[in-house]
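Colleague: I would like the atomic coordinates for the input below:
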Amino acid sequence: MTDLIRDLILRWRDDPAGAYQSWFLWDERIKNFRSIRRGLQQVVAEIAGGTFGVAYRGSSLETVVHSIAEQRQIFKGANHAFLWKPKLRIPDIYENPANQKAFGQLLETCLCCNTEVHVVSAVHAIDARKIKGLGPAVANLLYFLHPTIMPPFNTAIVNGYNSLTGSKVKLRRWEEYLAMRQGILKLNATYRLLLSNDLGAIGGLLFDLGSGRYSAPPLEDDETARKLWEADLHQVREQSAKEARILAAERETDHTHTQIQGWLRDLGLSLGYDVWIAANDRSRPWQDGKLGDGCLSVLPGFTAETQGAESVRLIDVLWLDQESHKIVAAFEVEHSTTIYSGIVRMLDLALGSEAQALEGLFLVAPDKREADVREQLRRPAFRRIADLKVRYLSYGALEKDREAIERFGHGLKPIQAISHLLTPA
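Modeller: Numbering: from 1, shown residues only. Purely as a prediction, here's the structure:
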């Protein structure tokens with residue numbers, strides 16, 4: 001059985017459309033961790049201050065869960081468990097102040113602690129309250145706080161776990177989730193060299209098993225069943241036309257993101273700025289070299305002790321004054337993903353120690369996405385955007401005018417001229 005699971009994992013890791021390559025190794029997944037943590041901190045603060053409200057729609061919690069749900073594949077539908085169902089009056093954290101505070105306490109504890117004992121103890125505490133509708137779906141929030149302790153959770157993951165282990169885990173109960181978690185930790189330890197300390201990897205494997213992309217090895221010692229399974233595994237089902245289109249679109253998104261970063265890099269250098277490329281993007285291939293060629297290798301003024309430094313280093317492109325080494329402009333490139341993470345990184349920069357040097361904050365996105373961006377900015381979590389004077393720079397305007405700006409431009413005036421202010425209104 002061990003050999004069969006090992007064979008399964010090896011095939012799954014090589015599958016370009018499987019969750020390992022298309023989600024777990026996706027750069028945006030890593031970028032989202034800090035922004036989701038920041039969003040949960042806001043949820044906790046609003047609950048503690050009595051300003052969270054009595055509705056899911058428009059709440060800070062909706063903003064965070066929406067960001068999670070927009071990630072590729074595995075978290076699709078993550079927001080369903082948190083939607084207010086008035087006829088059932090669940091989940092009972094909107095109209096019941098005591099339950100809402102208990103939920104806030106769970107998040108606060110998990111935000112502050114970093115040990116398995118504390119996290120599991122906090123889960124037991126919320127489970128003891130038996131809050132209607134507040135089940136293990138919350139584990140998807142906790143995964144982004146403690147990815148090595150709490151595995152993600154949904155129907156497909158549960159089905160995948162049951163098919164792989166022969167268990168009968170059911171949804172909706174914390175005790176079932178915690179039992180499954182123990183089993184997942186044991187599986188992960190057994191195949192650690194093929195997976196990761198981050199439980200998102202084994203979560204992705206279980207998701208692909210539970211959603212039917214792969215079938216689990218037979219549990220019985222049946223030679224016929226084993227051969228049938230091995231034949232199915234070596235075939236690796238042909239992608240449907242829909243899967244192929246989705247995969248192609250996602251790859252084009254990544255390519256376009258790199259291309260726009262490259263344009264902004266070259267434009268910044270031609271205007272006489274030092275340029276910083278997001279720490280996890282510098283090694284991406286671009287033209288005849290890498291995206292980080294000719295750019296700063298260290299971001300001045302942001303040490304390990306600087307508040308928000310980790311987040312700022314992940315901003316897609318920064319332009320810095322060569323003499324003062326201060327950040328002059330920040331660019332977040334968005335395409336098909338949520339703008340949530342990019343906005344949080346800009347807030348970390350603009351409200352931090354470098355705020356006085358900033359002359360421009362730019363969201364760079366396809367022309368057709370401006371309506372989506374404005375809709376996102378209406379969320380309460382982004383109410384500071386109007387004060388920060390964030391500008392919208394479309395791909396079309398950048399492509400049309402970048403060469404002229406490189407040749408004749410000076411300072412930020414040309415880039416400001418082809419962009420326009422964004423406000424939540």
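
Colleague: All the helices of the stretch 301-425 of the chain, in order from the start?
Modeller: In the stretch 301-425 of the chain, the segments counted as helices under DSSP state H, counting those that start in this stretch are 309-312, 340-350, 370-377, 385-388, 395-408, 413-417.

Colleague: nope, the stretch 101-250 of the chain is what I was after
Modeller: With helices called from DSSP H, counting those that start in this stretch, the stretch 101-250 of the chain shows them at 116-128, 139-145, 155-165, 174-190, 200-210, 223-235, 241-270.

Colleague: Put the alpha carbons of stretch 321-332 into CSV.
Modeller: Provided in CSV are the C-alpha atoms of stretch 321-332 (Å, rounded to 0.1, in the frame of the first residue of the first chain):
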residue,chain,number,x,y,z
ASP,A,321,15.1,57.6,-5.7
GLN,A,322,18.7,56.8,-6.4
GLU,A,323,20.1,59.5,-4.0
SER,A,324,17.8,59.2,-1.0
HIS,A,325,17.0,55.5,-1.5
LYS,A,326,13.4,56.3,-0.6
ILE,A,327,10.5,54.6,-2.3
VAL,A,328,8.8,56.9,-4.7
ALA,A,329,6.2,54.7,-6.4
ALA,A,330,4.7,51.3,-5.8
PHE,A,331,2.9,49.1,-8.4
GLU,A,332,0.7,46.1,-7.8
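
Colleague: what's the distance between it and the middle of its chain?
Modeller: 26 Å (CA atoms, centre = their mean, to the nearest Å).

Colleague: Give me the residues contacting that stretch.
Modeller: 264, 268, 272-274, 300-301, 315-320, 339, 342-343, 345-346, 349-350, 354, 357-364, 393, 412, 415 (CB atoms under 8 Å, 6 or more residues apart in numbering). For every residue, glycine as well, the C-beta is placed using N, CA and C.

Colleague: Now the buried members of those.
Modeller: 264, 268, 273-274, 301, 315-320, 339, 342-343, 345-346, 349-350, 354, 357-364, 393, 412, 415 (16 or more other CB atoms under 10 Å).

Colleague: List the ones among those that fall in strands.
Modeller: 274, 317-320, 360-364, 393 (DSSP state E).

Colleague: Tell me the one among the residues you listed nearest to Gly77.
Modeller: Closest approach to Gly77 among these (CB to CB): Leu363, at 26.8 Å.

Colleague: Name all residues that make contact with that closest one.
Modeller: 332, 334, 339, 342-343, 373, 390-393, 422.

Colleague: any low-confidence regions in the stretch 251-400 of the chain?
Modeller: 251-255, 304, 307, 335-340, 352-357, 380-387 (pLDDT under 70).

Colleague: Tell me the confidence at the residue nearest to Pro136 when sequence neighbours are not counted?
Modeller: The spatially closest residue to Pro136, leaving aside those adjacent along the chain, is Tyr177, at 3.7 Å (CB to CB, 6 or more residues apart in numbering). pLDDT, Tyr177: 91.

Colleague: surely Tyr177 meets Phe153?
Modeller: Yes - Tyr177 is in contact with Phe153 according to CB atoms under 8 Å; the separation is 6.0 Å.

Colleague: Please work out which of the helices of the stretch 301-425 of the chain is packed deepest.
Modeller: Highest mean neighbour count among those (mean count of other CB atoms under 10 Å): helix 340-350, with a mean of 24.

Colleague: Residues contacting that one, please?
Modeller: Residues contacting helix 340-350 (CB under 8 Å, 6+ apart): 28, 31-32, 34-36, 38-39, 63-64, 66-67, 307-308, 311-312, 314-316, 327, 330, 332-334, 355, 358, 361, 363, 376-377, 381-382, 384-385, 388, 390.

Colleague: what touches both of Tyr177 and Phe153?
Modeller: 136, 139.

Colleague: how many neighbours does Gly308 have?
Modeller: 20 (other CB atoms under 10 Å).

Colleague: Leu361 versus that one, what's the distance?
Modeller: 14 Å (CB to CB, to the nearest Å).

Colleague: Kindly report the same for Leu106.
Modeller: Applying CB to CB to Leu106 and Leu361 gives a distance of 34 Å.

Colleague: can you pull the contacts of the closest residue to Ala365 other than its chain neighbours?
Modeller: For Ala365, ignoring the flanking residues on the chain, the nearest one in space by CB to CB, 6+ apart is Glu334 at 4.4 Å. By CB under 8 Å, 6+ apart, the contact set of Glu334 is 342, 363-365, 369, 373.

Colleague: same thing but 7 Å
Modeller: Applying CB atoms under 7 Å, 6 or more residues apart in numbering, we find Glu334 in contact with 342, 363-365, 369.

Colleague: Kindly report the same for Gly396.
Modeller: Counting by CB under 7 Å, 6+ apart, the residues that Gly396 touches are Asp367.

Colleague: what's the distance between it and Leu83?
Modeller: 36 Å.

Colleague: Then Leu314?
Modeller: 30 Å.

Colleague: Check Ala189 too.
Modeller: Distance of Ala189 to Leu83, computed by CB to CB: 36 Å.

Colleague: So the two - more neighbours on which side?
Modeller: The residue with more neighbours, out of Ala189 and Leu83, is Leu83; 13 against 9, by other CB under 10 Å.

Colleague: Could you report the pLDDT at Phe33?
Modeller: So, for Phe33, pLDDT stands at 86.

Colleague: and Ile418, how many residues sit next to it?
Modeller: When neighbours are defined as other CB under 10 Å, Ile418 has 17 of them.

Colleague: So it is in contact with Asp401, correct?
Modeller: Yes - judged on CB atoms under 7 Å, Ile418 makes contact with Asp401 at a distance of 5.1 Å.

Colleague: residues near Ala78, how many?
Modeller: Ala78 has 21 nearby residues by other CB under 10 Å.

Colleague: I figured it was touching Asn140, is that so?
Modeller: Yes - using CB under 7 Å, Ala78 is in contact with Asn140, at 5.2 Å.

Colleague: joint contacts of these two?
Modeller: By CB under 7 Å, 6+ apart, the residues touching both Ala78 and Asn140 are Ile68.
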